[in-house]
Structure formats: C-alpha cells, structure tokens
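Trainee: what follows is a protein structure lacking sequence information:
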C-alpha cells in the first residue's frame, strides 16, 4: 500500500533507558481504518511504543508521521485534542464516584452561565452511548458499572474527543467470554465508522479473530508486519520468542497421593454456598466459571483473607482454624493472587525482600534478620525459577509481569508450602512466559505439592488440570475429570445449566 493509506508511520524510533534499549529504530505503518495488532513478549517494547504514540514519553530519536505531517514529539493533550490519538489502558482512567457523563466531560465540562450544565452533558453522553449501541443511563455512577461497561465508558470518552486512532492495551484481560464478544462487536463497529485501532494482546486467538494486520516486536526491534489471515499462530510465536514452543502444556506424568486439603460445606455470608471438594498431593485441580462465580472468593475464604460463615477446612486430614492469612502460611498454604500488583508483591522492595517476606524464620540469626541468609535463599530460588534480573537487589516493580509472578511463587517456595493456590496464574504475561509458568506449576505437582488453579483461560484450564470444578453464582455446578472435560461442558456448567 502507498503512503497515502497510512494514518500513522513511525520512522527509526529509538528509546533508551539505563541499560535497556527499549525501542531500536522501529518503523511501523498503521493504515487508516484498520485493526492493527501488536504482539511480543513482555519487555519487547510494546508499552514504550504506546507511550510515545500518546505523547506520554518522547523518543530519543526518530519521528512520527501523522497524516503525512512529521512530528518529533507532542504532549498527551496535543495527542488527544489535536491529533486524535487516544489510549485505553488495563487500569482505567475513570473516577468511580462521578457519573458516566461527568467522566466523559471531566476537565472539559459544559457550562451554562458559569455553572456546570449537567442536563446538557447527560444529553450528549446519551447520544454518544447510543451511537455505540449501548443502553446506559449517563447519570449512573461509574462505581456501579461492571468492568466491561467501565471499558465502554473509556471508549465513549475517546469518541467524545473525536479520536481517530484508538489504542487498546490488553482490553479483554478482565472480561468474561461473553463480554469479550461484546467488546469485539464494538471494536468492529468503530472500525466501520472509520476509526483506526491498535490492538495489543497476549491472547493470540483474539488477534486472529479481530486484527487485519499484526506487527511483532522482540527485544525492542520490529521483527515483521504480517497480514493476519496469511500467517499462523505457530509462525507468530516463533517470531515473538525466536524459538519453537513444541507444546504449550507440559506432559503430565506424576502420580497423586493422599488428600492434602478437604473443604466441607464452606459458605460465606455474601456468595458461597455449601462448597465441598478434596485436593490430593500431586494433583492440579482447576476451578472454572464466569466472572462473579465465586472462584476468587473461595480461594480467599480458604486462605483466611475473607471470613466464612459455615463449613470446615481440613489440612492433611486434620480440621484447622484459618481466620487470617498468617494461619494459612503457618499451615504451609500459599496464595498467588489474581491482582499481583496490589495483593501479591511489594513493588518498592527488592526481589530478595519479597521472596523472604513469608519465611523470615529461615533468614534469622540470633533473632535478627541475616542479610547474608536472605541473599542466599533468594539467589537459590532466583536461579531455580530463572527470574530475569541482574541481581536480587533489583526492585520488583522494575520486572516484567512474568517475572513478578515468579517472585510470588518464589516466596512460597522459600516458605516450603505444601499447597499453592494460583488465581489467574498467566494473566498479563506473554506466550513464552506462559509456557515457562506451566512448567513450573507442573514441576511443583511432581514434587507432591497440591495445586489449585483458578483460570478464565479455557485452554489453560483444560490443558493443565487433572480435574475441573465448575462454579456458578457461588455454588459448584459440576466436576469434570480428565478427557471428560471439554470447553462445551465447562461453559454449560459455568452458565448454570
């Protein structure tokens, strides 16, 4: 295609941070009216590329051509209001206490005689929502909206600012299967209306379902831009990781042992009702269900993070009292939470401090913390899990998502846990890191650990689990074993059928 079909072209974009070349002379052409996917492993340069396109950071060298006009840099406000570039990130930029309309007009309120004209803003907001085929009352507080509708409000904000280029960063991460399809329909509608979309996702199936073209980044370099229908998943993976991933899920060869955990008739005051199941040592037990089914709530109740109203928990066939996470830790139960940034890591602390957090008894000497012992414990597990870091002193917030996840696992390995609960273990990490994570989980099961996996990724659930317990609205609707488990059966049970 000729240059006249390009809305945005980056030319020889370079961005360097201390010790890291984030973008290395990157040329990417984005055609008008296309859905252009960008994929790559964590650290490939995707986030840096977005930030340069939106004006959040400036390139060290190179330029951006927009509608044939060359720019060496611009501010976020210029990107949005003058150039029509808007981005929707995984963490929404909304104020929950304000209404939908107030969020759409935040900082640019409509006025009438010096006062905010809520009636006029509501009218315009309703018109925008209707254009997106969304039936929402613009007066509703954003806090009352489900995550999928909050995302739609973000899209509506971009529409109100007459965005011509919409960048979507991992937009389906918090969504259910049905909500994903709703989002896809909306994205296609935006394309039909002439909007250009950059779509960033670790989920390759989404790229093949939605994108016209896909650009692969690796180690800060553009590797290739391909027409989606003319490539394959295997080719994309090879371009992303520069190696062949023969099988996504490891072969299961371990034997299960005695019951390590038994839950009897567990209920909570708000959602869970009479949940019962067992978990054997060496077993990987999957939990499936739609968002709101109660899977995370169950994990938190077992772990002592949330109170239960009735029922009992047995560990190694003995009834135990778990009223606080420290009780679970004492019983050698570890939780790798869904929201690792808020609940799993202490981002400002070092890797070694995060790893030692739940096992200080192993790094004490004379009642005081021994930095030498802490370093030794951390370094051993860093090597074991192949955490990509120059040393154990590096702050966790500076690691990629996959390596942050490894640090949380490392903490529980240091604590020598018998039972590990993984809540969405691979959310937000790339395809290469996913395979490595699956291998680590499988290795833990082979060591005789009891593993619980909560996952919204259907293939992950089917590929990793010995058994799958399916939940719907706080109750167990079915248990599927081995080859009996299929996507269709899981979905039916998850829907309450």
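Mentor: Thanks, I have the structure now. Owing to the predicted nature of the structure, the values given are computational and were not obtained by experimental measurement.
Trainee: let me see the mean pLDDT of stretch 275-285.
Mentor: Stretch 275-285 shows a mean pLDDT of 95.
Trainee: kindly apply the preceding question to stretch 33-46 instead.
Mentor: Computed over stretch 33-46, the average pLDDT equals 87.
Trainee: what segments of the stretch 51-200 of the chain are strands?
Mentor: Listed in chain order, the strands of the stretch 51-200 of the chain (DSSP state E, counting those that start in this stretch) span 61-66, 69-71, 85-88, 111-112, 115-116, 165-169, 196-200.
Trainee: save those as TSV, and put in distance to residue 324, mean pLDDT and mean neighbour count too.
Mentor: All C-beta atoms are positioned from the backbone trio N, CA, C, and that covers glycine. As requested, the strands of the stretch 51-200 of the chain are exported to TSV (distance: least, Cβ to Cβ, whole Å; pLDDT from 0 to 100; neighbours: other Cβ atoms under 10 Å):
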stretch	distance to residue 324	mean pLDDT	mean neighbour count
strand 61-66	52	95	17
strand 69-71	55	94	11
strand 85-88	37	91	24
strand 111-112	52	91	10
strand 115-116	46	92	10
strand 165-169	36	92	23
strand 196-200	39	95	23
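Trainee: check the residue located most distally from the centre of the chain and give its pLDDT.
Mentor: Distance to the chain centre peaks in the chain at residue 113, reaching 45.2 Å (criterion: Cα atoms, centre = their mean). pLDDT for residue 113: 88.
Trainee: likewise for residue 295?
Mentor: 92.
Trainee: is it in contact with residue 289, as I believe?
Mentor: Yes - Residue 295 lies in contact with residue 289 (Cβ atoms under 8 Å); the separation is 5.4 Å.
Trainee: okay, those two: which has more neighbours?
Mentor: residue 289 (30 against 26; other Cβ atoms under 10 Å).
Trainee: now that one: closest residue in space that isn't a chain neighbour?
Mentor: Residue nearest to residue 289 in three dimensions, not counting chain neighbours: residue 471, with 4.0 Å by Cβ to Cβ, 6 or more residues apart in numbering.
Trainee: sec struct for the one you found, please.
Mentor: Using DSSP: H, G, I helix; E, B strand; the rest coil, the structure places residue 471 in strand.
Trainee: against residue 122, how distant is the nearest residue to residue 159 once chain neighbours are set aside?
Mentor: Sequence neighbours aside, residue 128 is the residue nearest to residue 159 in space, at 5.5 Å (criterion: Cβ to Cβ, 6+ apart). Distance, residue 128 to residue 122, by Cβ to Cβ, to the nearest Å: 11 Å.
Trainee: what does residue 135 give?
Mentor: According to Cβ to Cβ, residue 135 and residue 122 sit 14 Å apart.
Trainee: got it, and residue 442?
Mentor: Plainly put, residue 442 is 54 Å away from residue 122 if you go by Cβ to Cβ.
Trainee: can you list the domains in the protein?
Mentor: Split into domains by automatic domain parsing, the chain comes to 3-241, 247-332+417-497, 348-411.
Trainee: before we move on, the earlier item: residue 135 and residue 122: who's more crowded?
Mentor: It is residue 122, of residue 135 and residue 122, that has more neighbours when counted by other Cβ under 10 Å, with 20 against 8.
Trainee: got the contact list for the more buried one?
Mentor: Contact partners of residue 122, counting by Cβ atoms under 8 Å, 6 or more residues apart in numbering, are 99, 101, 138-139.
Trainee: repeat for residue 465
Mentor: Counting by Cβ under 8 Å, 6+ apart, residue 465 has contacts 284-286, 453, 485.
Trainee: kindly report the same for residue 140.
Mentor: By Cβ under 8 Å, 6+ apart, the contact list for residue 140 reads 99-100.
Trainee: repeat that for 6 Å
Mentor: Residues near residue 140 by Cβ atoms under 6 Å, 6 or more residues apart in numbering: residue 100.
Trainee: from residue 106, how far off is it?
Mentor: Between residue 140 and residue 106 the computed distance is 15 Å (Cβ to Cβ).
Trainee: try residue 151
Mentor: 17 Å.
Trainee: who has more neighbours out of these two?
Mentor: residue 151 (24 against 13).
Trainee: for the stretch 301-450 of the chain, which segments count as helices?
Mentor: For the stretch 301-450 of the chain, the helices defined by DSSP state H, counting those that start in this stretch cover 325-330, 351-356, 371-385, 401-414, 431-446.
Trainee: looking at those, which one has the lowest mean pLDDT?
Mentor: helix 371-385 - the lowest mean pLDDT of the helices of the stretch 301-450 of the chain, at a mean of 75.
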